[in-house]
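Novice: Got a sequence here, can you build the structure:
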Amino acid sequence: MIIGGGNIMQTKTSLHLKGIDISHWNGVIDFNAVKKDGIDFVYIKATEGIDFTDPMFQHNVKGAREEGIYIGAYHYANPSSPFDTSEPYKEAEFFVNIMKIYMPDFGDIMPVLDLEEPTQPGILTPDQLVSWTWIFHDRVKELTNRQVMLYTGTWFIQQNDDFGYKLSDLPLWIAEYEKYGITQPSDCGGWDEWLVWQYSEDGKVNGISGKVDLNAGATSIEQLRGCI
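Specialist: Numbering: from 1, shown residues only. From the prediction side, this is the model:
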């Protein structure tokens with residue numbers, strides 16, 4: 001991995017898989033129409049914190065699976081202050097337990113930690129966020145035998161001093177949007193490439209009312225599976 005250097009990551013091409021990520025905020029989805037619109041994979045919100053299960057998780061898993069769309073689950077992290085090492089451990093176990101109920105094979109593509117909190121700097125130090133992430137990652141990996149991908153934004157990486165370049169061994173799902181004039185994400189945090197790029201938060205896909213996040217994935221589904 002390149003550390004710093006002011007470079008940029010790769011851009012998306014027609015070879016990259018097309019994906020979306022969804023939660024209950026997207027309402028009831030017509031997955032047949034989504035499939036016909038060329039979507040290859042979908043990441044579905046499963047859990048948040050230690051006790052919130054997305055109310056549409058089961059429905060979305062079933063609907064996407066019935067249409068043959070590759071699926072994966074993500075967990076929205078709630079790191080809090082003061083830093084407590086038991087917190088990421090508990091969140092990891094909660095995430096896995098909900099997957100066991102509604103997605104017992106842990107998905108077609110690797111599970112994801114969505115890290116974008118706390119939004120205000122200084123509540124946790126970058127090193128504390130790094131420790132939080134690795135504790136969560138290691139527990140999910142241990143329980144699922146799957147690699148875990150990190151979702152975060154360029155802004156969050158930069159706000160937290162690039163995590164001291166201590167998370168760049170994780171597969172990266174980066175959020176940075178084309179509407180702000182970029183054609184490829186910034187090189188940051190020690191990463192010089194993405195596995196998934198969320199390039200729009202304002203997308204339109206048949207079968208979904210309103211806006212939806214659009215993603216470019218790897219060039220083959222095998223690169224997203226994360227099986228160990």
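Novice: Just want the most central residue of this protein.
Specialist: With the centre of the chain defined as its mean C-alpha position, the nearest residue by CA atoms, centre = their mean is Tyr151, 3.8 Å away.
Novice: so who does it touch?
Specialist: The contact partners of Tyr151, by CB atoms under 8 Å, 6 or more residues apart in numbering, come to Tyr74, Val112, Leu113, Asp114, Leu115, Glu116, Trp173, Ile174, Ala175, Val196, Gln198. Quick note: C-beta positions are derived from backbone N, CA and C, even for glycine.
Novice: Report how many residues lie close to Ile228.
Specialist: Counted with other CB atoms under 10 Å, the neighbours of Ile228 add up to 9.
Novice: brain fart, Cys227
Specialist: Neighbour tally, Cys227, other CB under 10 Å: 11.
Novice: What sits closest to it if chain neighbours are left out?
Specialist: Arg146 (6.3 Å; CB to CB, 6 or more residues apart in numbering).
Novice: how near is that neighbour to Val42?
Specialist: According to CB to CB, to the nearest Å, Arg146 stands 17 Å off from Val42.
Novice: Neighbour count: the two, which is higher?
Specialist: Neighbour count, other CB under 10 Å: between Arg146 and Val42, Val42 has more, with 28 against 21.
Novice: so what strands line up beside the host helix or strand of the more buried one?
Specialist: Here Val42 sits within strand 41-48, counting by DSSP states H and E. For strand 41-48, the paired strands and their directions (DSSP bridges) read strand 18-22 (parallel), strand 52-53 (antiparallel), strand 70-76 (parallel).
Novice: Make a markdown table from those strands and add distance to Ala92 to it.
Specialist: As requested, the strands paired with strand 41-48 are arranged in a markdown table below (distance: least, CB to CB, whole Å):
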| stretch | distance to Ala92 |
| --- | --- |
| strand 18-22 | 20 |
| strand 52-53 | 15 |
| strand 70-76 | 8 |
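Novice: rewinding a little: the residue nearest to Cys227 contacts Pro111, doesn't it?
Specialist: Yes: between Arg146 and Pro111 there is a contact under CB atoms under 8 Å: 5.9 Å.
Novice: circling back: so among the contacts of Tyr151, which ones count as buried?
Specialist: Tyr74, Val112, Leu113, Asp114, Leu115, Trp173, Ile174, Ala175, Val196, Gln198 (16 or more other CB atoms under 10 Å).
Novice: mind listing what the first one touches?
Specialist: Listed by CB under 8 Å, 6+ apart, the contact partners of Tyr74 are Asp21, Tyr43, Ile44, Lys45, Ala46, Pro111, Val112, Leu113, Asp114, Tyr151.
Novice: What's opposite it in the beta bridge?
Specialist: Beta-bridge partners for Tyr74, by DSSP bridges, are Lys45, Val112.
Novice: quick one: pLDDT of it?
Specialist: Tyr74 carries a pLDDT value of 99.
Novice: That one and His137, how far apart?
Specialist: For Tyr74, the distance to His137 - CB to CB - is 13 Å.
Novice: overlap in contacts of those two?
Specialist: Leu113.
Novice: Put together JSON lines for the contacts of Tyr74, with distance to Ala218 on each row.
Specialist: Converted to JSON lines, those look like this (distance: CB to CB, whole Å):
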{"residue": "Asp21", "distance to Ala218": "15"}
{"residue": "Tyr43", "distance to Ala218": "13"}
{"residue": "Ile44", "distance to Ala218": "18"}
{"residue": "Lys45", "distance to Ala218": "21"}
{"residue": "Ala46", "distance to Ala218": "21"}
{"residue": "Pro111", "distance to Ala218": "16"}
{"residue": "Val112", "distance to Ala218": "14"}
{"residue": "Leu113", "distance to Ala218": "18"}
{"residue": "Asp114", "distance to Ala218": "18"}
{"residue": "Tyr151", "distance to Ala218": "15"}
